[in-house]
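Engineer: model this:
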Amino acid sequence: MSAMHGKPEAPTRAPEDAPTDRLQFFFQQAPGMIAIVSGPDHVFEFANTAYLDLVGRREVVGQRVRDVLPELDEQGTVALLDKVYATGEPFIGRRMPVAFQRQANAPAETRYMDFVYQPVVEDRGQVTGIFAQGFDVTQQVETEAAFNESEARYRLFSEETREGVVIHNGEVILDCNPAYARIFGYSSVAEVIGLPSTAFVTRKSAALLQEKGALGNEEPYEIEAVRKDGSVFPAEFVGRPSTWQGQNVRIGLARDLSERKRREAALRESEAHFAAIFDQSAAGFSEADLTGRLLRVNDRFCEITGYPREELVNGRRMQDITHPDDLPENLALFQKAIESGEPFEIEKRYIRPDGSEVWVSNTVTLIHDAAGQAHTMASVSIDLTARREAEAALRQSESRLRLALDAGRMAVWESDSRTNSVRTSPELNRLLGFSEDASPSIEEIRARYAPGAQDQLRTAAAAALGRGERYAEEELEIIWPDGSRHWLLLRADLEVTRGADDAASIKATGVAFEITERKLWEERQHLLINELNHRVKNTLATVQSLAAQSFRDVGASSGPNFTAFQERLFALARAHDILTRDNWEGAELRDIVGEVIEPYCRESSGRCDIDGPRVRLTPSMALALSMAVHELATNAAKYGALSVSTGQVSISWSVLPGNPRQLTLCWQEQGGPPVAFPKRKGFGTRLIERSLAQELAGEVSLAYVPTGVVCTVKAPLPEGMA
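Structural biologist: Down below sits the predicted model:
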């Protein structure tokens, strides 16, 4: 709360180039109260000495008005600030009573204020805060009130007096002023004159009224008064004997105490409210005398220190429960606060009854009595145990992380596209070919990228963000100044921010691993696999040549047996091609099936249906299934469903959960010529029923149903095959 005389001219604008320190000095030394609050929550940004003196020298900067001065919130000040902030219109208050809780254990003190709330507006016209200035005019108001009261005593029968003045002879009212009539609900003095003097009090209070008159008592006393409508209210009566118009009378003064009683009740309620806040706060509150002896504590303080309330307030001192290592600093700050009146903060440890320690943050404030003398010390204690434990855990975690980074030879880096800057660790410098103590610029680092590497990094980051992910991973090829090639694996956490122009910038934090040996090994492996594939194909070509020569010698080089043998070699070669593409680490079932039956499906105009989930096979399973599907497709093309235009072949598979998981593949023909059980089993049948089952470690069944051949394969999937 603050105040000022005068009418504001225009909304105050925040200066951009003003000498802030000088202004702050002027504001600080100003005789009137000045405060600045910011934002819709009205957070104190500045409060000068006069303001702090007015509210009891509390620490207010950085806190919301409703939090640090709750009494103002109850009186509607926060609501008034909300209105000024929302409308941008200043507010001027004249001689407005405001109650301040200037001391924690004292009743609220009402001061009269002249003030103005002036909105602070930025260049774009947006209200960002409120500048409050004013003056305490309590003394002027009280002086004027005293003068008015004094003047009223001399004008008892004035129309303007607030107290009711009456003249009675102990039995009836002889005269009164208009205020007396109004107090008791009468419209005019004429209605009151002549009424019994006891008509204005309850029956219970009539005896007290007569007793005071008979004794000539001149001390004020409270009584139950009655209005014309019969309502009862508290009143204060005082009278004295006198002579009026030649007869002995009693001149009395009546005052309605209803408002005072309401204020007293409100004050008691307010005191009870703040007592409840003190006792039930989540922070520990304590009050000690100037020797450190504890006078008052709340439940939370007892929980923090581990002592019962009775033990703390019956002789315990702050010094008795403070850790010995922290006590010298605490005592020095305590004594300095007494001498200077300035509050202080300290982080220290309390010793609990069981010997354990608890860390607290204490904010300690000197409390003055009504005469302005140092009276007690109030302390707010926040338990820091959890924070201290978290800090210790964080230090341990950082230590473990450093050990892990060092042990794993991981390099750490951070880049920011907004500033086009990068920060590197010594390990990353080594990986990039710089000295470990170097601080290379981002241009120097990019100069060592292999051609196209920078575009690959950008593409990887954009792809991750496009998927809604914050994490990206990419391999980076580096060329050192000596011409040697190196590879790094980069993993990054991406943070996107947008500027005032809505332009996006990316801040990336990540680690880098050297994978040069792995890349070289992969290249050698790829070379060896290609060489192996070439030799296998040469071997298959040699086998084909030997077979052709052998069949020619027996005169069957153009017969069906030779053709079947060649087709089986081609099927085996196609399976080898698929496995070679994946470095002989496995193959997709859909690729194997599709590659084998593609020629047949092409010739049969798409009468082949393939359906099943993604399943990865081991090389041995891929070769075995490739040969089996080839035999089934060949048989269907010659004798089964693919031999006629109406036939259809369906190849489907599924994976059942378990340990291990179970692959079930079904070949089913429909719409072909009628099927009969074969009189003898050829090579293809034996290959499917025996070799396939043995190679897959599963079961294979061939069914010759009239509608078409059905082949069912059941095999366990090795661990790691999806």
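
Engineer: now for stretch 172-180, what's the gap between its first and last residues?
Structural biologist: By CA to CA, to the nearest Å, the extent of stretch 172-180 from end to end equals 14 Å.

Engineer: buried ones in it?
Structural biologist: Buried positions in stretch 172-180, judged by neighbour count with 16 or more other CB atoms under 10 Å: 173, 174, 175, 176, 177, 178, 179, 180. Every C-beta, even on glycine, is put in place using the N, C-alpha and C of the backbone.

Engineer: name the helix or strand of the chain that has the lowest mean pLDDT.
Structural biologist: Lowest by mean pLDDT, DSSP states H and E among the helices and strands of the chain is strand 12-13, with a mean of 50.

Engineer: pLDDT value on residue 578, please?
Structural biologist: For residue 578, the model assigns a pLDDT of 64.

Engineer: and the one 5 residues further on, by the same measure?
Structural biologist: Per-residue confidence (pLDDT) for residue 583: 58.

Engineer: can you list the low-confidence ranges for this protein?
Structural biologist: Residues of the chain that meet the criterion pLDDT under 70 lie in 1-23, 147-161, 270-282, 393-410, 500, 523-585, 602-606, 680-684, 720-722.

Engineer: spatially nearest residue to residue 308 (excluding sequence neighbours)?
Structural biologist: Once flanking residues are discounted, residue 308 sits nearest to residue 302: 6.3 Å by CB to CB, 6 or more residues apart in numbering.

Engineer: which SSE is that neighbour in?
Structural biologist: helix 299-305 (DSSP states H and E).

Engineer: next structured bit after that helix?
Structural biologist: Defined by DSSP H and E, the subsequent element after helix 299-305 is helix 309-312.

Engineer: which of the residues in that following helix are buried?
Structural biologist: The neighbour-count check on helix 309-312 (16+ other CB under 10 Å) flags residue 312 as buried.

Engineer: next structured bit after it?
Structural biologist: helix 318-321.

Engineer: which parts of the helix or strand following that following helix are buried?
Structural biologist: Next helix or strand after helix 318-321 toward the C-terminus (DSSP H and E): helix 327-340. Within helix 327-340, the residues that qualify as buried are 327, 330, 333, 334, 337, counting by 16+ other CB under 10 Å.

Engineer: what's helix 327-340 packed up against?
Structural biologist: Secondary-structure packing of helix 327-340 (3 or more CB pairs under 8 Å, 6 or more residues apart in numbering; DSSP states H and E): helix 318-321, strand 344-351, strand 357-368, strand 374-383.

Engineer: turn those into JSON lines, including mean neighbour count and distance to residue 306.
Structural biologist: Below are those laid out as JSON lines (neighbours: other CB atoms under 10 Å; distance: least, CB to CB, whole Å):
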{"stretch": "helix 318-321", "mean neighbour count": "18", "distance to residue 306": "9"}
{"stretch": "strand 344-351", "mean neighbour count": "17", "distance to residue 306": "8"}
{"stretch": "strand 357-368", "mean neighbour count": "19", "distance to residue 306": "8"}
{"stretch": "strand 374-383", "mean neighbour count": "20", "distance to residue 306": "11"}
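
Engineer: could you export those as a markdown table, including distance to residue 452?
Structural biologist: Shown next, in a markdown table, are the helices and strands packed on helix 327-340 (distance: least, CB to CB, whole Å):
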| stretch | distance to residue 452 |
| --- | --- |
| helix 318-321 | 69 |
| strand 344-351 | 55 |
| strand 357-368 | 56 |
| strand 374-383 | 56 |
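
Engineer: and of those, who's closest to residue 448?
Structural biologist: Within the helices and strands packed on helix 327-340, the stretch nearest residue 448 is strand 344-351; the backing value is 48.2 Å (CB to CB).

Engineer: and the closest one with strand 357-368, angle?
Structural biologist: Angle of strand 344-351 versus strand 357-368, following axes from the mean of the first three to the mean of the last three CA atoms, to 10 degrees, is 140 degrees.

Engineer: by contact count, what packs against strand 344-351?
Structural biologist: Strand 344-351 sits against helix 327-340, strand 357-368, with contacts defined as 3+ CB pairs under 8 Å, 6+ apart.

Engineer: hmm, who's touching the first one?
Structural biologist: Applying CB atoms under 8 Å, 6 or more residues apart in numbering, the contact partners of helix 327-340 are 290, 292, 318-319, 322, 342-344, 346, 348, 364-366, 374, 377.

Engineer: this completes my enquiry, with thanks.
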